[in-house]
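Undergrad: could you look at this predicted model? Sequence included:
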Amino acid sequence: MGLGAALGLGLNWAGVEGMVDASIVGNVATVGKEIGDLFLRLLQMLVVPLIVSSLITGVTGMGDLRTLGAIGGRAIGFYLTTSFVAIVTGIAVVNIIRPGEGAELAMLEEGAAAKPLLTDTPDSIAVVLWEQLESLIPKNPLAAATEGDMLPVIFFSLLIGVFIGIAEHREGSKDASIVRRFFSGLFDVMMQMTLFVVKFAPIGVFGFTLYAAAGKGPAAFRVLGWYVLTVFVALLIHAMVTLPFILRVRTGRSPLGYARQLLTALVTAFSTASSNGTLPLTMENVEKAGVRPQVASFVLPLGATINMDGTALYEAVAVLFIAQVYGIDLTMAQQGLIALTALLASIGAAGIPHAGMVMMVVVLNAVGLPTSAVALILAVDRILDMLRTTVNVWSDSIAAAVVDAGE
Ligand code: ASP
């Protein structure tokens, strides 16, 4: 990112000063974009198989739904509530700071043309919700997957997970477990593939930063700076106010003391940007802090897959930021739709680096914004990923303590 910024800004400056021909600056920017786009394509390639296998594996990881029903219900209640509160916090902060306003960027030229799509959405929240509900149910799950229509794919995957569990526990059923093991194996493979693709992130980031810096000069960074600040402030409120409050009220634990016990996990989450990678440490820390292993071993792995407060918040803020950049004014109903989609996207995101950014494609698709807009925020995704992953792991750990206290 630094290299792309330095090179791009230097070129942009030289172009403005007339030391370099403007067409050369333009060409370099285009090359940067092409390089970044290759990386983006690699990410997009992963979306369908990664989230299908991640969700199915997460749900079947609950084991027998009946025995785990009580813990599961409580855990899922916590996951959904806190993710939703995180999203509301993010939406509030992004509406106050308005980081994308006045950007007039049209940084993604082809994206600007797609602008009217969103304004077509009906305003009534009831209509929006009903349509969303309807679109959750795929007429043909395979067709939905082929089209990259992710919400029905997520819904269908959750159902497959649940019914694998049910089928496995029927007497005389031997073969359902093959399906479970297939998806769990597929998930392993997809995680490895994602980790491989993520290795190219520096090149993709370099390309997109070069593109933004050479093409747009310092303005691009001013806008992204406000965007980063917005996500940061919202994450901070969630991690330092909302979650500690829940922990204190529901368990009587001292938030600061609990955070200290979780220090290793939190620092690892920050540096690796992967809740899944951090999981072994999270479990160790949480159990050391006195949460019973039976609870921790269920709540934490499931949480690492589906409970992502930081990611949910980030999805909502990022989409609203992009809408602001395109100068689209969103109604309450549209923001409600984004909140719902962000929640589903955070559930579908895998606990690995940049998974949340991969899911951005889903949210943008769902609300009719051009998916190429991801390019706009790619340059700063790593730092935001580190921050949101730390919040994700913090929330998982608090979920474990809360569910444990409720048992
Ligand atoms: N990296 C995040 C995590 O592992 C997911 C994301 O990209 O938002 O929790």
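TA: Arrived safely.
Undergrad: Ile203: which element?
TA: Using DSSP states H and E, Ile203 sits within helix 201-216.
Undergrad: and that helix, does that touch the ligand?
TA: No. Judged by CB under 6 Å from any ligand atom, helix 201-216 makes no contact with the ligand; its nearest approach is 11.4 Å. Where you see a C-beta, it was placed from the backbone N, CA and C, and this is true even at glycine.
Undergrad: which positions in the helix or strand following that helix come out as buried?
TA: For helix 201-216, the following helix or strand on the C-terminal side (DSSP H and E) is helix 218-237. Buried residues in helix 218-237, counted by 16 or more other CB atoms under 10 Å: 220-221, 223-224, 226-228, 230-235, 237.
Undergrad: so which elements touch the helix holding Ile203?
TA: On a contact count with 3 or more CB pairs under 8 Å, 6 or more residues apart in numbering; DSSP states H and E, helix 201-216 meets helix 2-16, helix 22-60, helix 218-237, helix 374-378, helix 381-406.
Undergrad: what parts of this structure come near the ligand?
TA: Residues of the chain lying near the ligand (CB under 6 Å from any ligand atom): 273-275, 308, 311, 349, 351-356, 385, 388-389, 392.
Undergrad: and stretch 22-41, how far out from the chain middle?
TA: 26 Å (CA atoms, centre = their mean, to the nearest Å).
Undergrad: can I get the helix holding Ile203 as CSV, trimmed to CA atoms?
TA: C-alpha atoms of helix 201-216 as CSV (Å, rounded to 0.1, in the frame of the first residue of the first chain):
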residue,chain,number,x,y,z
ALA,A,201,-3.3,-9.4,-1.4
PRO,A,202,-0.1,-7.2,-1.3
ILE,A,203,0.1,-7.2,-5.1
GLY,A,204,-3.7,-6.4,-5.4
VAL,A,205,-3.4,-3.7,-2.8
PHE,A,206,-0.4,-2.3,-4.6
GLY,A,207,-2.2,-2.2,-7.9
PHE,A,208,-5.4,-0.6,-6.6
THR,A,209,-3.5,1.9,-4.5
LEU,A,210,-1.3,2.8,-7.5
TYR,A,211,-4.5,3.2,-9.5
ALA,A,212,-6.2,5.4,-6.9
ALA,A,213,-3.1,7.5,-6.1
ALA,A,214,-1.9,8.0,-9.7
GLY,A,215,-5.4,8.6,-11.1
LYS,A,216,-6.9,10.7,-8.3
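Undergrad: identify all contacting residues around that helix.
TA: Helix 201-216 has contacts (CB atoms under 8 Å, 6 or more residues apart in numbering) with 1, 3-5, 7-9, 11-12, 15, 25-26, 28-40, 105, 107, 220-221, 224, 353-354, 375-376, 378-379, 381-382.
Undergrad: now do stretch 16-36
TA: Residues outside stretch 16-36 that contact it (CB under 8 Å, 6+ apart) are 4, 8, 11-12, 14-15, 203-212, 214-215, 217, 375, 378.
Undergrad: work out for me the element Leu320 sits within.
TA: Element membership for Leu320 (DSSP H and E) is helix 309-325.
Undergrad: and the angle from the helix or strand just after that helix to helix 309-325?
TA: Per DSSP H and E, the first helix or strand lying C-terminal to helix 309-325 is helix 332-348. With axes from the mean of the first three to the mean of the last three CA atoms, to 10 degrees defining the directions, helix 332-348 sits at 140 degrees from helix 309-325.
Undergrad: please state the offset of helix 332-348 from the chain centre?
TA: 11 Å.
Undergrad: what mean pLDDT does that helix get?
TA: Mean per-residue pLDDT for helix 332-348: 87.
Undergrad: packing partners for that helix?
TA: Counting contacts by 3+ CB pairs under 8 Å, 6+ apart, helix 332-348 is packed against helix 22-60, helix 69-97, helix 125-136, helix 150-168, helix 309-325, helix 355-367.
Undergrad: highest average neighbour count across those?
TA: Counting by mean count of other CB atoms under 10 Å, helix 309-325 has the highest mean neighbour count of the helices and strands packed on helix 332-348, with a mean of 29.
Undergrad: which strands or helices does it pack on?
TA: Helices and strands touching helix 309-325, by 3+ CB pairs under 8 Å, 6+ apart, are helix 69-97, helix 218-237, helix 332-348, helix 355-367, helix 374-378, helix 381-406.
Undergrad: how about those in JSON lines, adding distance to Leu281?
TA: Shown next, in JSON lines, are these (distance: least, CB to CB, whole Å):
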{"stretch": "helix 69-97", "distance to Leu281": "20"}
{"stretch": "helix 218-237", "distance to Leu281": "20"}
{"stretch": "helix 332-348", "distance to Leu281": "22"}
{"stretch": "helix 355-367", "distance to Leu281": "19"}
{"stretch": "helix 374-378", "distance to Leu281": "28"}
{"stretch": "helix 381-406", "distance to Leu281": "9"}
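Undergrad: returning to that earlier point: so which bits of the helix holding Ile203 are buried?
TA: By neighbour count, with 16+ other CB under 10 Å as the criterion, the buried positions of helix 201-216 are 201, 204-216.
Undergrad: for the ligand, what is the nearest residue in this structure?
TA: Gly356 (2.4 Å; CB to the nearest ligand atom).
Undergrad: ok, that residue touching Ile347?
TA: No. Using CB atoms under 8 Å, Gly356 makes no contact with Ile347, being 11.5 Å away.
Undergrad: and for Asp21, the neighbour number?
TA: Counted with other CB atoms under 10 Å, the neighbours of Asp21 add up to 11.
Undergrad: so what pLDDT did it get?
TA: The model reports Asp21 with a pLDDT of 90.
Undergrad: give me the common contacts of Gly356 and Ile347.
TA: Common neighbours of Gly356 and Ile347, using CB under 8 Å, 6+ apart, are Met308.
Undergrad: now the most centrally placed residue in the chain. Nearest residue, chain neighbours left out?
TA: Nearest to the mean C-alpha position of the chain, counting by CA atoms, centre = their mean, stands Gly356 at 2.5 Å. Spatial nearest neighbour of Gly356, chain neighbours left out: Thr311 (4.1 Å); criterion: CB to CB, 6 or more residues apart in numbering.
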